[in-house]
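Engineer: could you work out the structure for the sequence below:
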Amino acid sequence: MRRSIAIQFVRRSSLLAAILLPGIGICLASPTFAQTSTRLAEPKPLTEFPPKGKFHIYLLMGQDNMIGRGKVSDEDRKLASRVVKLDREGRWVPAVDPLHSENLAIDGVGPGLSFGRLVSADDDTITVGLVPCAKPGSPLTSWQPEGSAYRNAIKQAKLAQERGTLKGILWHHGEYDGRLRVQSATYGIRLAEIVLAFRKDVHEPQLPFIAARMADFVRPDRIPYANRINSALDRLPREVRYVSLVNTDHLTPIGGTDDFDARSARELGVRFAKTVRDLRFEQARK
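Structural biologist: All right, here's what the predicted structure looks like:
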């Protein structure tokens, strides 16, 4: 089984360049969900769905860099087969950037779409469902149980579970709490409590939680306690089971901001997807 999975991943590794480089599309045929790589103005809701076990759901949680601020290209508006998102009306629609719709004037390319494309490419038997839940400028308190962001994410997760199977949470957060001395000091403890509470509320005690570190380009005059946030994230996999960490080395910002540019946002999505790939290898070895 390990050899079969490994061969499957190797065959699909060539798709990385297509995900990262604008102008190269991805379209994988599927009997029910095959779609050509064409421009999409208004995605139409899905009317047919894969079996629940083959509909893999990932929650996109955190703040601005999970939403994405990168400039959207034509490639980001093209369909990739078997990658869909849950929209604000509770409908499953083909996934294109911007995935979130918190502020259409500034929302752009985040890590979610490149993540979904690569995960779906790694296994042509599944459909990937992305659930945008990130909130701009959100403090960690809003992600604690009873907080507004937490309640919304639970609501969206349970709605997604009606059609598919939760497979993981992608997390990028910390810019807000990294500006505050007291909040940054307790970030790790509070985040661990959030992970455990969320798993309990969605009845998935082993749900993978995949967190990305804050980027090394953040300016200390703007986010003075970023190192505290990253230290807390570094410790989290040792303190809570089924937690993985994604590095953000060598990524670049939109000039003068703490936000990833489009290239870096796509690359971060690929790194999230590679972590999911590693988790699948680990499961196959057991």
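
Engineer: for S184, see how far away R228 is.
Structural biologist: 4 Å (C-beta to C-beta, to the nearest Å). In short, each C-beta sits where N, CA and C put it, glycine included.

Engineer: which neighbours do those two share?
Structural biologist: Common neighbours of R228 and S184 (criterion: C-beta atoms under 8 Å, 6 or more residues apart in numbering): G178.

Engineer: so where's the stretch 151-286 of the chain uncertain?
Structural biologist: 285-286 (pLDDT under 70).

Engineer: can you show me the helices along it?
Structural biologist: With DSSP state H, counting those that start in this stretch applied, the stretch 151-286 of the chain shows helices at 181-185, 187-201, 226-239, 262-285, listed in chain order.

Engineer: so which bits of the shortest one are buried?
Structural biologist: I take that to be helix 181-185. Residues Q183, S184 are the ones in helix 181-185 that count as buried (16 or more other C-beta atoms under 10 Å).

Engineer: run through who's touching that helix.
Structural biologist: Contacts for helix 181-185 (C-beta under 8 Å, 6+ apart): P139, L140, T141, Y176, D177, G178, Y225, R228, I229.

Engineer: R82: which of the residues you listed is nearest?
Structural biologist: Nearest to R82 among the contacts of helix 181-185: L140, at 33.3 Å, using C-beta to C-beta.

Engineer: who touches the closest residue to that closest one other than its chain neighbours in this structure?
Structural biologist: Counting by C-beta to C-beta, 6 or more residues apart in numbering, L140 lies nearest to D177, which is 5.1 Å off, once chain neighbours are set aside. Going by C-beta under 8 Å, 6+ apart, D177 touches P139, L140, Q183, S184, Y187, Y225, I229.

Engineer: at 10 Å instead, please
Structural biologist: By C-beta atoms under 10 Å, 6 or more residues apart in numbering, the contact set of D177 is 63, 138-141, 183-187, 190-191, 223, 225-226, 228-229, 232.
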